[in-house]
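K.L.:
Here you go, sequence then predicted model.
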Amino acid sequence: MAIKNTNFSFEKIDDLFKNSKKIFFVGIGGISLSTIATFCLQCGKEIYGYDQKRSKESAKLEAYAKIKYYSTPDSVYGMDLVIYSNAIGEDNFEYQGAKKLQIPTLSRANFLGYIASRCKNSIVISGTHGKSTTTSFLARILDYAGYSPSVFCGAKMKDYDSAYLKGSGECGVFEGCEYMDSFLSFEPTICGILNIEYDHPDYFESYEDVLSSFTKFISQSKKAVVNIDDKGVNSILGLIGKNRIVTFSLRDKGADYYASLKNDGFVCYHDKKKVLEAPLNLRGEHFALDAICASVIALELGASPIAISYALSEATGVKRRLEFIKKLDTGLSVFEDYAHHPTEILAAYSSLKEMGFKKILCAFQAHTFSRTHYLYDGFLSSLSKFDELIILPTFCARENNEFGVSESELARALGGTFVDTLEKMVSLVKESKCDCAVIMGAGDITEFKSFL
């Protein structure tokens with residue numbers, strides 16, 4: 001189990017931050033913590049950090065920060081503050097060292113909530129799926145509309161080649177994850193809720209726990225822009241005051257904002273009047289809902305429809321969300337996607353079909369054993385859609401295999417092939433007779449391009 005989030009007041013964190021010259025980041029190679037480290041660097045702090053291996057994010061910071069890739073308790077000696085990622089466990093040497101030396105420790109989520117509190121208008125995007133893409137869309141819209149937002153995204157935004165955008169305006173856009181109740185560290189001016197499903201079974205014991213967490217999050221927000229096409233969202237609306245809710249939908253004309261899809265985008269109506277017509281570069285209903293959510297939030301902030309439409313015409317989303325990689329000499333088009341939940345797998349499949357591909361291969365690496373175990377039937381159903389299937393070893397992240405998960409058995413149940421290396425996977429991809437391949441999941445599968 002990952003270390004729980006701290007729950008310090010913003011006043012307490014402000015005091016810690018102002019009085020800290022040297023800050024150590026445990027898990028600095030991750031997208032989210034590396035962006036926070038960059039923020040701290042820009043605030044004039046000395047940056048230090050540890051991660052298990054060098055990443056593109058940590059490599060960029062090496063010119064300004066002292067980073068090590070081996071763990072020892074004395075790494076944090078002399079530090080004023082230690083900020084940690086949920087990806088680490090309590091047995092981490094740096095975390096233990098900080099506790100022993102009585103150095104203040106602060107969770108990434110708690111500190112990010114503090115950063116958001118410094119913004120006059122803080123917008124937090126949440127939901128089980130689509131958070132990063134929606135955050136990137138809203139970043140592009142508000143940037144083009146002249147709001148100059150600061151942005152902390154959970155994935156690299158293609159438009160900026162970064163997960164972080166330093167702005168000079170009063171708006172901050174943040175991705176808020178429900179894992180470990182991280183988003184409860186925020187008190188947003190506006191929150192966006194895309195959908196609510198059961199996920200993170202290593203933390204949430206039941207779907208009811210997930211719903212309760214989202215209810216608390218919305219209750220901490222002054223205004224919530226929510227997708228009422230989603231069953232989970234609808235199930236909690238009665239528990240929240242209607243005066244803070246703004247609804248959007250692709251199916252319910254009674255929503256505050258109703259949208260209909262076009263071949264190249266969508267049209268949005270408010271009080272039965274057309275308020276926005278916008279193009280989209282990404283195919284698939286889930287991408288459209290992400291763009292609609294971002295657009296409604298922007299409209300509620302006062303952004304002009306012209307600015308929103310123009311921004312979306314150029315917006316390209318985030319890395320590893322049906323990102324086209326290359327077309328092989330065999331004619332096979334290769335895409336990469338981060339999908340690691342059955343619903344996300346189905347969404348990726350539907351988008352590829354909408355693009356016109358006839359036969360699709362999926363190479364899949366699961367993210368955590370607990371998710372595979374508890375959502376097993378969903379994985380069987382979603383992965384069975386593909387014409388060819390390759391299963392790789394699970395990205396265990398913070399877990400041990402206490403569930404008896406067998407990737408080879410999963411492959412056999414689906415009529416697919418289990419392979420234990422990226423080289424073998426890429427070899428099978430190159431031999432495929434399909435017209436499309438999607439390399440999907442988390443972990444070291446992201447390194448497949450070096451073998452392609």
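P.N.:
Cool, got the structure. Residues are numbered from 1 along each chain as shown.

K.L.:
So which residues of the stretch 251-400 of the chain form helices?
P.N.:
285-301, 305-314, 342-354, 369-374, 376-383 (DSSP state H, counting those that start in this stretch).

K.L.:
what angle separates the first one from helix 305-314?
P.N.:
Spelled out, it's helix 285-301. 150 degrees (axes from the mean of the first three to the mean of the last three Cα atoms, to 10 degrees).

K.L.:
just the third one next, same as before
P.N.:
Interaxial angle, helix 342-354 versus helix 305-314 (the same axes, to 10 degrees): 80 degrees.

K.L.:
so who does residue 293 touch?
P.N.:
125, 130, 134, 192, 194, 225, 227, 248 (Cβ atoms under 8 Å, 6 or more residues apart in numbering). C-beta coordinates here come from the backbone N, C-alpha and C atoms, glycine included.

K.L.:
In three-state terms, label the fourth one for me.
P.N.:
In this case it means residue 192. Of the three states, residue 192 takes strand according to DSSP: H, G, I helix; E, B strand; the rest coil.

K.L.:
same question, the first one
P.N.:
Assigned by three-state DSSP, the conformation of residue 125 is strand.

K.L.:
List just the nearest of the contacts of residue 293 to residue 180.
P.N.:
Relative to residue 180, the closest of the contacts of residue 293 is residue 125; by Cβ to Cβ it sits at 17.5 Å.

K.L.:
Tell me how far that closest one lies from residue 91.
P.N.:
With the distance defined as Cβ to Cβ, to the nearest Å, residue 125 ends up 33 Å from residue 91.

K.L.:
likewise residue 245?
P.N.:
43 Å.

K.L.:
Same question for residue 127.
P.N.:
Distance from residue 127 to residue 91, counting by Cβ to Cβ: 32 Å.

K.L.:
Looking at these two, which is more packed in?
P.N.:
Counted by other Cβ atoms under 10 Å, residue 127 and residue 91 do not tie: residue 127 has more neighbours, with 27 against 9.

K.L.:
Spit out the contact partners of the residue nearest to the more buried one when sequence neighbours are not counted.
P.N.:
Using Cβ to Cβ, 6 or more residues apart in numbering and skipping the chain neighbours, the partner closest in space to residue 127 is residue 194 (3.1 Å). Residue 194 makes contact with 125-131, 134, 227, 230, 289-290, 293, according to Cβ under 8 Å, 6+ apart.

K.L.:
change it to 10 Å
P.N.:
Counting by Cβ atoms under 10 Å, 6 or more residues apart in numbering, residue 194 makes contact with 125-131, 133-134, 225-227, 229-230, 233, 248, 286, 289-290, 292-293.

K.L.:
What segments of the stretch 1-150 of the chain are strands?
P.N.:
Under the criterion DSSP state E, counting those that start in this stretch, the stretch 1-150 of the chain contains strands at 22-26, 46-50, 66-68, 81-84, 105-107, 121-126, 150-157.

K.L.:
now the stretch 201-350 of the chain
P.N.:
Under DSSP E, counting those that start in this stretch, the stretch 201-350 of the chain gives strands at 223-227, 245-249, 257-262, 265-270, 273-279, 323-327, 333-337.

K.L.:
Give the buried residues for stretch 48-62.
P.N.:
48-51, 55, 57-58, 61 (16 or more other Cβ atoms under 10 Å).

K.L.:
how about the helices of the stretch 251-400 of the chain in TSV, adding distance to residue 423?
P.N.:
Below are the helices of the stretch 251-400 of the chain laid out as TSV (distance: least, Cβ to Cβ, whole Å):
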stretch	distance to residue 423
helix 285-301	32
helix 305-314	38
helix 342-354	24
helix 369-374	23
helix 376-383	22
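
K.L.:
wait, which of those is closest to residue 252?
P.N.:
helix 285-301 (12.7 Å).

K.L.:
avg pLDDT for the closest one?
P.N.:
Averaged across helix 285-301, the pLDDT comes to 96.

K.L.:
which parts of it are buried?
P.N.:
Using 16+ other Cβ under 10 Å as the test for burial, helix 285-301 gives 286-301.

K.L.:
Quick check: closest non-adjacent residue to residue 182.
P.N.:
residue 109 (3.6 Å).

K.L.:
so that neighbour sits right up against residue 32, yeah?
P.N.:
Yes: the criterion here is Cβ atoms under 10 Å, and residue 109 meets it with residue 32 at 9.0 Å.

K.L.:
Determine the residues that are contacts of both of these two.
P.N.:
Common neighbours of residue 109 and residue 32 (Cβ under 10 Å, 6+ apart) are 85-86, 177, 182.

K.L.:
Now flag whichever of these is closest to residue 345.
P.N.:
Of the shared contacts of residue 109 and residue 32, the one sitting nearest to residue 345 (Cβ to Cβ) turns out to be residue 177, at 19.2 Å.

K.L.:
In contact with the closest one, which residues?
P.N.:
So residue 177 contacts 32, 86, 108-109, 112, 125-128, 131-132, 154, 183, 200 (Cβ under 10 Å, 6+ apart).

K.L.:
Can you tell me which of the residues you listed is nearest residue 280?
P.N.:
Among the contacts of residue 177, residue 132 lies closest to residue 280 (Cβ to Cβ), at 16.2 Å.

K.L.:
quick one, what contacts that closest one?
P.N.:
31, 125, 153-157, 163, 175, 177, 290, 317-321, 338.

K.L.:
Just the pLDDT for residue 442.
P.N.:
85.

K.L.:
Just give the number of residues close to it.
P.N.:
For residue 442, the number of neighbouring residues by other Cβ under 10 Å comes to 17.

K.L.:
same thing with residue 393?
P.N.:
Other residues near residue 393 come to 16 when the count uses other Cβ under 10 Å.

K.L.:
Then residue 135?
P.N.:
Quick note: residue 135 (other Cβ under 10 Å) scores 29 neighbours.

K.L.:
In terms of pLDDT, where does it sit?
P.N.:
In this prediction, residue 135 has a pLDDT value of 98.
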